[in-house]
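> Sequence below, structure please.
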Amino acid sequence: MTRLYLLLLALCLPITARAQDGERSPVTILISIDGFRADYLDRGITPNLSRLAAEGARGKLRPSFPTKTFPNHYAMVTGKRPDNHGIVGNNMIDPRRPSEKFSLGDPKQSLDPFWWDQAEPAWVTAEKAGVRSATMFWPGSEVAIGGTRPADWLRYDRHVGYEQRIATVLDWMRRPAAIRPAFVTLYFEAVDDAGHRFGPDSAEVNAAIADVDGRIGALVAGLADLGQPARLLIVADHGMRATDESRVIQLADLIDLASIIAVEVGPYAAIEPAAGTDDRVAQALLKPHAHMTCHRRDELPKQLHYGRNPRVAAIICIAEPGWSILAGPPPWPVKGGAHGYDNRDPEMLALFIAHGSGLSGDVGTVDNIEVYPLLMALLGVPPLASDAVGVLAERRR
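Got it, this is the predicted structure:
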């Protein structure tokens, strides 16, 4: 693989090279549309995304398990699966800090480098190589990972409107070449929000899809107005599946809840036995159940590539697609949509579009860790060792 990457780097002008004759060097923009299921692109409501796909390449990204937001965003920028990059869930506990819980809703934990330092994301590697990076939101980009942040970054705030996000990216492109980012990330959460609240087949999801499509059209138009060439990678972290109150597995019906620590519930449950209850919890959960399978973390199916990291809970239960696992009263309404299921579930497949990347046509279904070597090839930066094999990078013209 080293020879392949050296060849790829030799074939493309390094992104840091100074433009000749006043021409701008291209910027690589990695865009995440959270929760954009792969087949949403076929609904006929995305003229801008569909045009970019037709002019470039499209495919389906198979997320890593668990099919959650933080693990899969980090997988795409490190090329490593959650077991190896360390963000094994949206919620997790590290045995070295048993009294603390990582949660995407707790900035004290989610912004602590302790949780993120098991892997180096693309913007850190790029910065070390002299490629200026700027992140308009991306999980982990606010954290000083290995002591390094992007040259430009913003603290995530969902109240920052999409128009402002795009305006910020375009303002970065107006800078002089010496301080203009060559690598940018951009994030949109509305499709995921609507999918959770109203379900993947709702009018609200379609409205969110159409809105984000229009925003990306505005970004592309703004870049064209500036004469700024761009390589676009448009991805999603996971898909979405419909859920409702009639399809619930209640752990309280199987064991007293005082005996367990439910680190995560929903399409999958991450369960730690409370002190002194290991055998009783195992006896209650590690047997056949309707609509749910449970395994010790070291006995999970090998195709999940999950369970070796000590942050993975002792017992992982995975619901049948469309079902939800709860531990007592639900922390959210069990209706609308959810993700977190087995990553082989076709409704967990996520969007992939590449424009200006050297890829063309339908690339099929690929693991989302393959975004990383493609991204690094576009940046002209050698990738670090990862779980990816480079199937997308190999297909570039």
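> What's the local residue count around the residue lying closest to residue 359 once chain neighbours are set aside?
Spatially, and ignoring its direct neighbours in sequence, residue 359 is nearest to residue 57 (3.7 Å; Cβ to Cβ, 6 or more residues apart in numbering). From N, CA and C alone the C-beta is placed, and that goes for glycine too. Residue 57: 22 surrounding residues under other Cβ atoms under 10 Å.
> which residues touch residue 57?
352-355, 357, 359-363 (Cβ atoms under 8 Å, 6 or more residues apart in numbering).
> From residue 366, how far off is it?
As judged by Cβ to Cβ, to the nearest Å, residue 57 and residue 366 stand 11 Å apart.
> what's the overlap in contacts for these two?
residue 352.
> For the closest residue to residue 101 other than its chain neighbours, give me its contacts.
The shortest distance from residue 101 to any non-neighbouring residue, by Cβ to Cβ, 6+ apart, is to residue 93 (5.5 Å). Residues in contact with residue 93 (Cβ under 8 Å, 6+ apart) are 100-102, 261, 263, 272, 311, 313.
> do the same with residue 243
Residue 243 neighbours (Cβ under 8 Å, 6+ apart): 199, 322-324, 334-338.
> hmm, 6 Å instead?
Taking Cβ atoms under 6 Å, 6 or more residues apart in numbering, we find residue 243 in contact with 324, 338.
> going forward, begin numbering at 58 instead of 1
Done: numbering now begins at 58, and the last item shifts to residue 300.
> partner residues bridging it?
residue 393 (DSSP bridges).
> Okay, the residue positioned nearest the centre of the chain and residue 106: tell me how far apart.
For the chain, the residue sitting closest to the mean C-alpha position, by Cα atoms, centre = their mean, is residue 130 at 2.3 Å. Distance of residue 130 to residue 106, computed by Cβ to Cβ: 19 Å.
> what do you get for residue 82?
Taking Cβ to Cβ, one finds residue 82 at 25 Å from residue 106.
> Then residue 131?
24 Å.
> do residue 297 as well
Residue 297 sits 17 Å away from residue 106 when distances are taken as Cβ to Cβ.
> And these two? Which one has more around it.
residue 297 (28 against 24).
> Do I have it right that the more buried one meets residue 258?
No. Taking contacts as Cβ atoms under 6 Å, residue 297 lies outside contact range of residue 258: 9.5 Å.
> what residue ranges in the protein score low on pLDDT?
Filtered on pLDDT under 70, the chain yields the residue ranges 58-79, 454.
> where exactly do the helices run in it?
Under the criterion DSSP state H, the chain carries helices at the ranges 59-68, 104-112, 126-135, 139-142, 164-167, 170-173, 179-185, 219-230, 247-255, 260-283, 335-342, 428-436, 448-451.
> closest one to residue 304 among those helices?
Closest to residue 304 of those is helix 247-255 (Cβ to Cβ; 15.5 Å).
> packing partners for the closest one?
Packing contacts for helix 247-255, counted by 3 or more Cβ pairs under 6 Å, 6 or more residues apart in numbering; DSSP states H and E, involve helix 260-283, strand 393-395.
> ranking those by burial, who's on top?
strand 393-395 (a mean of 24; mean count of other Cβ atoms under 10 Å).
> Give me the distance from it to the chain's centre.
18 Å (Cα atoms, centre = their mean, to the nearest Å).
> Show me what that strand is in contact with.
With Cβ under 6 Å, 6+ apart, strand 393-395 has contacts from 252-257, 297, 299-300, 323-324.
> Swap in 7 Å and give it another go.
252-257, 297-300, 323-324, 381 (Cβ atoms under 7 Å, 6 or more residues apart in numbering).
> Which of those has the largest number of neighbours?
Neighbour max across the contacts of strand 393-395 (other Cβ under 10 Å) = residue 252, 30 neighbours.
> looking at it, residue 138 is touching residue 121, isn't it?
Yes. With contact defined as Cβ atoms under 7 Å, residue 138 counts as touching residue 121 (4.7 Å).
> Name the residues contacting each of the two.
132, 426.
> How about the contacts made by the nearest residue to residue 398 once chain neighbours are set aside?
Nearest non-adjacent residue to residue 398, counting by Cβ to Cβ, 6+ apart: residue 324, 4.5 Å away. Contact analysis of residue 324 by Cβ under 7 Å, 6+ apart lists 376, 381, 395-398.
> one step back: just the buried subset of the contacts of residue 150, please.
Buried by 16 or more other Cβ atoms under 10 Å: 159, 318, 320, 329, 368, 370, out of those.
> how deep is the spatially closest residue to residue 361 that is not a sequence neighbour tucked in, by neighbour count?
In space, and not counting its chain neighbours, residue 361 is closest to residue 122: 4.5 Å by Cβ to Cβ, 6+ apart. By other Cβ under 10 Å, the residues close to residue 122 number 28.
> My read is that residue 122 contacts residue 363, right?
Yes. Applying Cβ under 7 Å, one finds residue 122 in contact with residue 363, separated by 5.0 Å.
> Residue 92 and residue 443, how far apart?
For residue 92 relative to residue 443 (Cβ to Cβ), the value is 24 Å.
> ok, these two, which is more surrounded?
Using other Cβ under 10 Å, the more surrounded residue of residue 92 and residue 443 is residue 92, with 29 against 22.
> What sits closest to that one if chain neighbours are left out?
Residue 92's closest residue in space is residue 249 (Cβ to Cβ, 6+ apart), at 2.8 Å.
> any idea how far residue 108 is from that neighbour?
Going from residue 249 to residue 108 by Cβ to Cβ gives 23 Å.
> Which one of these two is surrounded by more residues?
residue 249 (25 against 15).
> now the more buried one: how far from residue 255?
In this structure, residue 249 and residue 255 are 11 Å apart, going by Cβ to Cβ.
> list the contacts for residue 408?
By Cβ under 7 Å, 6+ apart, the residues touching residue 408 are 90, 93, 95, 97-98, 118, 291-293.
> now do 6 Å
Residue 408 makes contacts with 93, 95, 293, as judged by Cβ under 6 Å, 6+ apart.
> Please apply the same query to residue 385.
For residue 385, the contacting residues are 309, 314, by Cβ under 6 Å, 6+ apart.
> How about residue 151?
Going by Cβ under 6 Å, 6+ apart, the list of residues near residue 151 reads residue 368.
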